[in-house]
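**Student:** task: produce atomic coordinates for the following.
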Amino acid sequence: MWSYNRRILLVSALALAGCGFTPAYGPQGSGSALLGTIALEEPADRNEYILNRRLEERLGRATSPRYSLKTVLTTGENALGSTSTGSNNRSNLDAKVSYDLIDQTTGQSVHSHVVSGFVGYSTSGSNVSTFASQRDAMERLMTILADQIVDQLTLIEPDQLP
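**Tutor:** Here you go, the predicted structure:
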């Protein structure tokens, strides 16, 4: 049994090596090509601050920015479950970020995309707990969207970057 599992592991490793697989954050990976090179816009509100904070965690602070990332954030809220008295006990927050990666030397767009997501939270407690739940949900949503943006940026091949 053990030798069978070892054979599968070795064959899988050889197959990955043969297909030209390179880790995103490896020496020639697309993720490492963008680390520390993207300047972010000044956040206008708390949600944009949380989004930028997560982007900087994943991409690093731009020490010598070659690119700028322009983002447009839109958010919404939907009431979901309701009780027999008509009050709702659950809400969804949804958001969409349109972003554009711009080469600062030419001013040309290198990559643009739209990411979206949603999270839910409970509204059945006191006003204070509902507000805290909503704030926490919005922070989780901004983290999800920032991670999606970074994932999309790492898909750009290094030879496609100017």
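**Student:** the helix or strand hosting Leu93: what's the following helix or strand?
**Tutor:** In this assignment (DSSP states H and E), Leu93 forms part of strand 90-103. As assigned by DSSP H and E, the chain's next helix or strand after strand 90-103 is strand 109-122.
**Student:** outside of that next one, which residues touch it?
**Tutor:** With contact meaning Cβ atoms under 8 Å, 6 or more residues apart in numbering, strand 109-122 is reached by 67, 80, 89-103, 130, 133-134, 136-138, 140-141, 144-145, 148-149, 152-153, 156, 160-162. Quick note: C-beta positions are derived from backbone N, CA and C, even for glycine.
**Student:** out of those residues, which end up buried?
**Tutor:** Buried residues within the contacts of strand 109-122, counting neighbours by 16 or more other Cβ atoms under 10 Å: 67, 91, 93, 95, 97, 99, 101-102, 130, 133-134, 137-138, 140-141, 144-145, 148-149, 152-153, 156, 161.
**Student:** could you look up the SS state of Arg135?
**Tutor:** helix (DSSP: H, G, I helix; E, B strand; the rest coil).
**Student:** how far away is Asn127 from Arg135?
**Tutor:** The spacing between Asn127 and Arg135, counted by Cβ to Cβ, to the nearest Å, is 13 Å.
**Student:** go on, Leu34?
**Tutor:** Distance of Leu34 to Arg135, given as Cβ to Cβ: 30 Å.
**Student:** compare the two (neighbour count), which wins?
**Tutor:** A count of neighbours by other Cβ atoms under 10 Å puts Leu34 above the other of Leu34 and Arg135, at 26 against 12.
**Student:** isn't the more buried one up against Leu59?
**Tutor:** Yes. The criterion here is Cβ atoms under 8 Å, and Leu34 meets it with Leu59 at 6.2 Å.
**Student:** give me the common contacts of those two.
**Tutor:** In contact with both Leu34 and Leu59: Leu153, using Cβ under 8 Å, 6+ apart.
**Student:** with only the CA atoms kept, save the strand holding Leu93 in PDB.
**Tutor:** The C-alpha coordinates for strand 90-103 follow below in PDB (Å, rounded to 0.1, in the frame of the first residue of the first chain):
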ATOM      1  CA  ARG A  90     -30.400  37.600   8.600                       C
ATOM      2  CA  SER A  91     -28.800  39.900   6.000                       C
ATOM      3  CA  ASN A  92     -26.400  39.500   3.200                       C
ATOM      4  CA  LEU A  93     -23.700  42.000   2.200                       C
ATOM      5  CA  ASP A  94     -22.600  41.900  -1.400                       C
ATOM      6  CA  ALA A  95     -19.800  43.900  -3.000                       C
ATOM      7  CA  LYS A  96     -18.100  44.200  -6.400                       C
ATOM      8  CA  VAL A  97     -14.700  45.700  -7.100                       C
ATOM      9  CA  SER A  98     -13.700  46.800 -10.600                       C
ATOM     10  CA  TYR A  99     -10.000  47.200 -10.800                       C
ATOM     11  CA  ASP A 100      -7.500  48.300 -13.400                       C
ATOM     12  CA  LEU A 101      -3.700  47.600 -13.200                       C
ATOM     13  CA  ILE A 102      -2.000  50.500 -14.900                       C
ATOM     14  CA  ASP A 103       1.600  50.800 -16.000                       C
END
